[in-house]
Every structure is written in C-alpha cells, then in structure tokens.
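*Asks:* here are the coordinates; sequence isn't available:
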C-alpha cells in the first residue's frame, strides 16, 4: 500500500536525521572533515551564488522600477529590493541554487560511496558511516548556506545599486538610506539567516538520506541525485511558506 | 591432547534475506590458524555466509560463533568483534578522497590513541607487507586493480585482526595480480598466525593455498574436507563445479522461471 510505504519511508528518514544529530561529536577528525566539506560545498558554491545574486538584483531593479514608476514611487525601489531579498528571495533562491549544485553532489557522492562498497567497508571497520560521511556534510550546509545567502543578497544589492543609480539615474543617497531605514536587522536580516540555516540543513539531510540509501548501481546513483534535487526543492519551498507564516506576523 | 577451539563455528544455521532462505542447515567449524576456502557457484550464498560472520546478517536459526562467542547484536559488542575481524571486500571499499596511507591509517586513527608518528610507522609496515610502501601518497584512482586490492588488504590488516575474511579477492584481477594476492594471503596467514576464510569461485587459484575446503551450493554445504578430498570427490555437483562443466546437477537451461510455454510459442506471441 502506497500510504504504508510512504509512512515507513518518512519514519526511516526521521530516524536517519536523529542518527545524524547523534553522530555529530566534535572530535578532531570530525572538525577536519567539516572544514573540508565547508570548502567543497560552501566556498566552491560562491561563483554560482555571486552570478545568480547579481542577475536577480538586476532583474528585480528593472521590473521593480517599471512598476513603481507608474505610481510615482520609484524612490521605494531599494526598500522593495531589500525586503523582498532578505525576507524571501535571498534564502529561497540561495537554497535552490545550493540544492542544485551542492545537494546533487552530496547525493551523488554518497550514492557512489554505497555503490563502491565504501560505506560497507566503513561499517566493517567499526567506523560509523553516518559520523564519517553524513554528519560533516550536514553541519557544513547549516553553517554555509546562511553565509551564502548573505553573499547572494550583497551581490544582488550591489548590482541593483549599479543599475538603479548609474543606469536609471535614481539618487544614490536615497537608495542607501531607504535600504538602511526599512530593512530591520532582527526581523529581516536575522530571519534570513535562520531560514537559510533551516534550508541548508534540510537540503543536506534530504540529499544525504537519498544518496545513502541509493541502490548500489549506476542507475541507482542517478535516480538518487534527481530525487535529492526534486524532494529537497519541494520541501524547502513548503518550509519557506510555514516559516514565513510563523515569523512574519 | 585436546584440539584447539575453532575460530569460527556455525551450528544448524539458517540464513535468510528478505524472507527468502538463502542457506540452511549450515554446520561448519573453521580451525584456528588455517586457510579455509569457501567455494561455490555464483549466487550460491557464499557472501551471505560472510555477512553472518561479520554480524551484518543475523541468523534466522542456529548460532554463529566467532572465537567461541556468539556474534552479538548489541552495537558496542559488535564494534569490538569487528575490530578483531579484517574484511577484504570485492569492491575494495577504499575511500576515494583519502590517500593510500590515509586509508590504511583510518582504522588506527579511529580505534587507537597512538600518536601520529607511531601510526605513520605502522602504516609503512603494513604497506611494506603488501609490497606497496612506495604508493603511500597515491590516491585510489591512481592505482591499478591489483594495487588497490593490496592496499585494501593492508587496511584490513591495520589492527592486526586474528581473523581475516576475503570476499572474492581475485575478482577483476589478471593472472599475475591474482598470484600476488593469493601468495600474500598465504604468507600473511603463516607469518601472522591468522585464521583466513577465502570466499571465491576461482578454484584453481584458491585450492593450492587452502588447508580446508567447503563447497556451498543448492542452499547449503555440499562438501567439507581437505582440498585433496575435494579433488577426489565423486559427487556430481562437486565435479561439475571443479571442472567447469556447463551442464550437470546445475543445469545449463535454467528452470527457475515458468517454462510451461515452449520458447518458440512465446517468441511468436511477442
């Protein structure tokens, strides 16, 4: 029965998540592995985040100016940009880009480790494969996605400034002061960080679960990678709605 | 003089996977210090037998004893058991993001408090034992199949386990590499006083180094004895396996699927 199978799968995923948290002991090897993963999935995601952020900023400015100008409210452009970026677009788009780049690589790496007997070998050596391979990736995602979101928003705002002030001709002083006055540190910036941390952890858990339990074949790894991206993206969008509903009263 | 206790003992063991019985009625005693070859056709359950010894698969019936104690289910006790069993997997299982030396050092770093210089010396010794000391800084992707298998062997021996399990150690190796691996298995068993169980279907390469031979087929053990007794056996199944005959007790035309409709009729219908 599909309902029973889905419930069993959900239960297994929950137990897997608990196992990841239980395996997160900050030993020296764990921290070395964590630093390595922060570089692999965080630092190496910077180019795509930077380019993505810049173009999102440019298109937001373009479309935002066109709409606001019809109401004579073009000076509210930076407010619109700042609030939409920090509250929704920054965490969500960074999360989606992260899932596409790093989430798929986590699922593929773990799927290949399963297919090449690396996970079995770790277990037979008395080494917890979740502690060695999964927990560092999870915490690397939780730590780096908020930072990547901050980068995303920074690049978007910088690109927006270039277009708004130097192309469209809006006042630079008003651009920055409106941004500063209307974007709150706790209600907007900190919420963006919190959302990003949740999205990063969710993406890593989904990708790791799917990759860790993949069929030990080439097809299994390919299926796992696709499922990781799709499932993590959908779950992230659902979580975004729930968090927005709860955090923005 | 009493005989030494066997390193491994299976008593009336039944092994099942996914509700299906793979092996039944297993009674086997592996003497300590010996090399036992577990032979049999592909899919006969040889690797399942190894899984029961390492605790990956709990027996559906009977008891599996390693060094006189039943294989535990408790995680901590199973961890202690696994430190005393070295396993060479068919796929090697080398971690691809670690160098050869780091792979061999992994069990030592995880399970001992030895300082780094001591671990480095031990790693060099293990690699020297398999003839790959010069490959310490290479990564698994830079190794040939035979070299990767030897590195995996060095890693399996890292904690000096008294029991070594080899799961199809000659898969994918050329004749020279196969000869090297089997010579290593024999030499290490003798010099380190190990007990070795070699699961293989490479009869001609495995029998010469084995002290005992076991043939697994048809869901159970069909022969247990010395290699000389195996060669002299008149059992049709054993003879078919030993001589690689395409037809015999294991038929060429598999009847595992429903063959009530002749093949010609099925092809015409399609």
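*Replies:* Thanks, I have it. All values reported here derive from a predicted model rather than from experimental measurement.
*Asks:* can we go C-alpha only for contacts and neighbour counts from here?
*Replies:* OK.
*Asks:* Other residues contacting the longest helix seen in chain B?
*Replies:* When chain B is parsed with DSSP state H, its longest helix is helix B:175-192. Contacts with helix B:175-192, where a contact means Cα atoms under 8 Å, 6 or more residues apart in numbering or on different chains, come from B:33-35, B:130, B:146, B:149-150, B:169-170, B:194-196, B:205-206, B:209.
*Asks:* Go again with 10 Å.
*Replies:* With Cα atoms under 10 Å, 6 or more residues apart in numbering or on different chains as the contact definition, helix B:175-192 has outside contacts at B:33-35, B:129-131, B:144-147, B:149-150, B:153, B:157, B:160-164, B:166, B:169-173, B:193-198, B:202, B:205-206, B:208-210.
*Asks:* Likewise for stretch A:36-46?
*Replies:* Against stretch A:36-46 from outside (Cα under 10 Å, 6+ apart): A:30-32, A:34-35, A:49, A:52, A:94, A:97-98, A:101-103, A:105-106, A:133, A:136-145, A:147-148, A:151-152.
*Asks:* Endpoints of that stretch, how far apart?
*Replies:* The first and final residues of stretch A:36-46 sit 15 Å from each other (Cα to Cα, to the nearest Å).
*Asks:* Flag every buried residue along it.
*Replies:* A:37, A:38, A:41, A:42, A:45, A:46 (16 or more other Cα atoms under 10 Å in any protein chain shown).
*Asks:* From chain B, how far off is the second one?
*Replies:* In this case it means residue A:38. According to Cα to the nearest Cα, to the nearest Å, residue A:38 stands 15 Å off from chain B.
*Asks:* Ok, the third one next?
*Replies:* Here the criterion is Cα to the nearest Cα. By it, residue A:41 lies 15 Å from chain B.
*Asks:* What of the fourth one?
*Replies:* Residue A:42 sits 18 Å away from chain B, going by Cα to the nearest Cα.
*Asks:* tell me what the helix or strand harbouring residue B:36 is packed against?
*Replies:* Under the criterion of DSSP states H and E, residue B:36 resides in strand B:35-39. Helices and strands touching strand B:35-39, by 3 or more Cα pairs under 10 Å, 6 or more residues apart in numbering or on different chains; DSSP states H and E, are helix B:46-54, strand B:163-167, helix B:175-192, strand B:195-199, helix B:203-206, strand B:212-217, strand B:220-225, helix B:236-243.
*Asks:* Close to chain B: what parts of chain A are there?
*Replies:* A:29, A:113-128 (Cα under 10 Å from any Cα of the partner chain).
*Asks:* Restricted to helices, list those residues.
*Replies:* Short answer: the residues of chain A next to chain B in helices (DSSP H) are A:29, A:113, A:114, A:115, A:118, A:119, A:120, A:121, A:122, A:123, A:124.
*Asks:* residue in the stretch 51-200 of chain B nearest to chain A?
*Replies:* residue B:93 (4.1 Å; Cα to the nearest Cα).
*Asks:* so who does that residue touch?
*Replies:* A:113-122, B:103, B:140, B:148-149, B:152 are the contacts of residue B:93 under Cα under 10 Å, 6+ apart.
*Asks:* Which of those residues are buried, as a PyMOL select command?
*Replies:* Listed next is the PyMOL selection for buried residues among the contacts of residue B:93, using 16+ other Cα under 10 Å:
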select buried, (chain A and resi 113+114+115+116+117+118+119+120+121+122) or (chain B and resi 103+140+148+149+152)
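*Asks:* residues contacting the one residue in chain A that gets nearest to chain B?
*Replies:* Chain A approaches chain B most closely through residue A:118 (4.1 Å), counting by Cα to the nearest Cα. The contact partners of residue A:118, by Cα under 10 Å, 6+ apart, come to A:110, A:112, A:124, A:129, B:89, B:91, B:92, B:93, B:94, B:95, B:96.
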